[in-house]
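Asks: sequence? don't have it. structure:
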């Protein structure tokens, strides 16, 4: 049974920013290892071409390692911030970016605000990103009565977006636009 639990935990972490960043960090370390060995091992060790290759590889490995460690630290920091708002036994299933559309009485879109949707095993939380180091957890799934898929919508940039309307218990509707992969998740 513990083997199944371990496999489920690994599958839950697969594809997350932390796992991907650590994979890139490991790849950068392998690239650095290859670069160092190209300088000292082999028939052409220390040749000008190998030296240039090694230096460029080390620079690239350093950049990739730095970026991946920064992403990993940010993911850990974000997870730690969110964990303060979790209930006992609650686990984060995913954090997804989206946009909350503002519209007038006729339904015309006036603008949008960036938000994050945090899905846990117990609830859905909607909060603003990075505007406050301590994210405000404004809406939970107890307040959401219905979710309606509105289909494809215009999206800034080359991505495909879908619109979903969340109806709250007080009758208010939230129009949320997210890219298609996030909406399908």
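Replies: Nice, I can see it. In this text, all values refer to a predicted model and were calculated from it rather than measured experimentally.

Asks: all contacts plus neighbour counts: C-alpha atoms, from now on.
Replies: Fine.

Asks: Was I right to think residue 21 contacts residue 74?
Replies: No. Counting by Cα atoms under 8 Å, residue 74 is not a contact partner of residue 21; they are 10.3 Å apart.

Asks: Looking at these two, which has the bigger crowd around it?
Replies: Ranked by neighbour count (other Cα atoms under 10 Å), residue 21 and residue 74 place residue 21 first, with 22 against 14.

Asks: contacting residues for the more buried one?
Replies: Residues in contact with residue 21 (Cα atoms under 8 Å, 6 or more residues apart in numbering) are 68-69, 71-72.

Asks: ditto for residue 165
Replies: Here residue 165 is in contact with 147-150, 173-176 (Cα under 8 Å, 6+ apart).

Asks: which secondary structure element contains it?
Replies: strand 161-168 (DSSP states H and E).

Asks: Can you give me the buried ones in the helix or strand that contains residue 68?
Replies: If you go by DSSP H and E, residue 68 is part of helix 48-83. Residues of helix 48-83 classed as buried by neighbour count (16 or more other Cα atoms under 10 Å): 50-51, 53-55, 57-58, 61-62, 64-65, 68-69, 71-72, 75, 78, 82.
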